[in-house]
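Student: can't give you the sequence, but here's the structure:
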């Protein structure tokens, strides 16, 4: 339209003005939760600071990055923020509605415009994962990694997992680590001693992950594994006692039993998981490119600690990539200015 020599004068001005109004309305509609947070006059103090950071990071914050602020955030401010669509999860503080396909696509597009990445691979493919109902997907090395975070996916090893699904995983883990052995309540599936847990089919199902995927995901979230005998962890299932219909069947069963008894059976092992230990050194693909992970290892050095307990603490942390400090909304502002 801008290049067409047939459109000039008042007609061109009106067309450009109408396009500008449409763009503004489109952005303000799909990203309304962010503009509402920014304009909310009820928020003050710490809450206003968290809201500002949420807007700046396009709706997703690592909970560890605002942990100290959250400790001092009163319930009234939490309530106001929840009313504005903010969710306080175990791993993230985020706005769930912005994970939907349309807002995610717009966020990726604005970021691509602001960072000259319109030709980057993954601009349409990664936001399309949510549209296709994918809760997790293998990380494609050919894609621009930032699009994963902008679309609401966290990169954990070779797997990208939607952050709302990670919060559902946290909801399944929480009962297993809060259960007490002396409690009258029923022991949750996956619970062991109230401090550790083992992976259940439900956990695998919501993530669409294999056991190998889950190992990578849990390590990325900060959990440490320990191998134990399955017989010591999982409740044993009562064996069905089928009675032989005749003496012949009884003899046959006895013979088979003796044959099996001669073959040694390897005890089956299982991985159990506990939180902590500095495994959470890097969170890839967050929507907050300008903030470094500030978490510290949970294990403290002590005289009685074994050397192997702190083997991960000596590994140097990789510096995180510093992205362009300009917000994607700067691209929109520049676009409006050019149109004027």
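Tutor: Looks like it arrived, so ask away. Here the structure is a predicted model, which means the values were calculated and not measured. Residues are numbered from 1 along each chain as shown.

Student: Please determine how far residue 140 is located from residue 148.
Tutor: Distance from residue 140 to residue 148, counting by CB to CB, to the nearest Å: 9 Å. Every C-beta, even on glycine, is put in place using the N, C-alpha and C of the backbone.

Student: same question, residue 96
Tutor: Applying CB to CB, the value for residue 96 to residue 148 is 17 Å.

Student: Who has more neighbours out of those two?
Tutor: Legend: neighbour count by other CB atoms under 10 Å for residue 96 and residue 148, higher for residue 148 (27 against 17).

Student: Look at residue 269 and report its pLDDT.
Tutor: For residue 269, the pLDDT comes out at 87.

Student: swap in residue 187?
Tutor: Residue 187 carries a pLDDT value of 88.

Student: That one and residue 193: what is the separation?
Tutor: Residue 187 sits 10 Å away from residue 193, going by CB to CB.

Student: What does the pLDDT read for residue 78?
Tutor: 94.

Student: Contacts only, for it.
Tutor: 47, 88 (CB atoms under 8 Å, 6 or more residues apart in numbering).

Student: just to revisit the earlier point, tell me, what's touching residue 140 and residue 148 both at once?
Tutor: With contacts taken as CB under 8 Å, 6+ apart, residue 140 and residue 148 have residue 122 as neighbours in common.

Student: where does residue 41 fall, helix, sheet strand or coil?
Tutor: Assigned with DSSP: H, G, I helix; E, B strand; the rest coil, residue 41 falls in the coil class.

Student: who touches residue 268 in this structure?
Tutor: Contacts of residue 268 (CB under 8 Å, 6+ apart): 229-231.

Student: Now tabulate those residues in JSON lines and tack on pLDDT and secondary structure.
Tutor: Below are those laid out as JSON lines (pLDDT from 0 to 100; DSSP: H, G, I helix; E, B strand; the rest coil):
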{"residue": "229", "pLDDT": "87", "secondary structure": "strand"}
{"residue": "230", "pLDDT": "83", "secondary structure": "helix"}
{"residue": "231", "pLDDT": "83", "secondary structure": "helix"}
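
Student: If we only consider those, which is nearest to residue 117?
Tutor: Set against residue 117, the nearest of these by CB to CB is residue 230 (47.9 Å).

Student: which ones are touching the closest one?
Tutor: 267-270.

Student: Show me where the stretch 151-300 of the chain has its strands.
Tutor: 153-156, 159-162, 223-229, 269-275 (DSSP state E, counting those that start in this stretch).

Student: tell me the angle the last one makes with strand 223-229.
Tutor: In this case it means strand 269-275. Computed by axes from the mean of the first three to the mean of the last three CA atoms, to 10 degrees, the angle separating strand 269-275 from strand 223-229 equals 150 degrees.

Student: List the buried residues in strand 269-275.
Tutor: Residues of strand 269-275 classed as buried by neighbour count (16 or more other CB atoms under 10 Å): 271-275.

Student: the helices in the protein, which residues?
Tutor: Here the chain has its helices, by DSSP state H, at 9-30, 32-39, 46-56, 67-71, 75-83, 101-114, 127-131, 146-150, 163-178, 201-207, 211-220, 230-233, 247-261, 329-339.

Student: Residue 156: which of those helices is closest?
Tutor: Among these, helix 211-220 sits nearest to residue 156 (CB to CB), with 3.3 Å.

Student: phi, psi of the closest residue to residue 86 other than its chain neighbours?
Tutor: Spatial nearest neighbour of residue 86, chain neighbours left out: residue 95 (5.9 Å); criterion: CB to CB, 6 or more residues apart in numbering. Dihedral pair for residue 95: phi -110, psi 100, per degrees, to the nearest 10.

Student: To what extent is residue 95 buried, counted in neighbours?
Tutor: Counted with other CB under 10 Å, the neighbours of residue 95 add up to 24.

Student: List the contacts of it.
Tutor: Residue 95 touches 33-34, 37, 54, 59-60, 85-87, counting by CB under 8 Å, 6+ apart.

Student: Pipe those residues into JSON lines and attach pLDDT and neighbour count per row.
Tutor: Below are the contacts of residue 95 laid out as JSON lines (pLDDT from 0 to 100; neighbours: other CB atoms under 10 Å):
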{"residue": "33", "pLDDT": "92", "neighbour count": "19"}
{"residue": "34", "pLDDT": "93", "neighbour count": "25"}
{"residue": "37", "pLDDT": "92", "neighbour count": "23"}
{"residue": "54", "pLDDT": "93", "neighbour count": "26"}
{"residue": "59", "pLDDT": "92", "neighbour count": "28"}
{"residue": "60", "pLDDT": "94", "neighbour count": "23"}
{"residue": "85", "pLDDT": "92", "neighbour count": "17"}
{"residue": "86", "pLDDT": "94", "neighbour count": "21"}
{"residue": "87", "pLDDT": "95", "neighbour count": "15"}
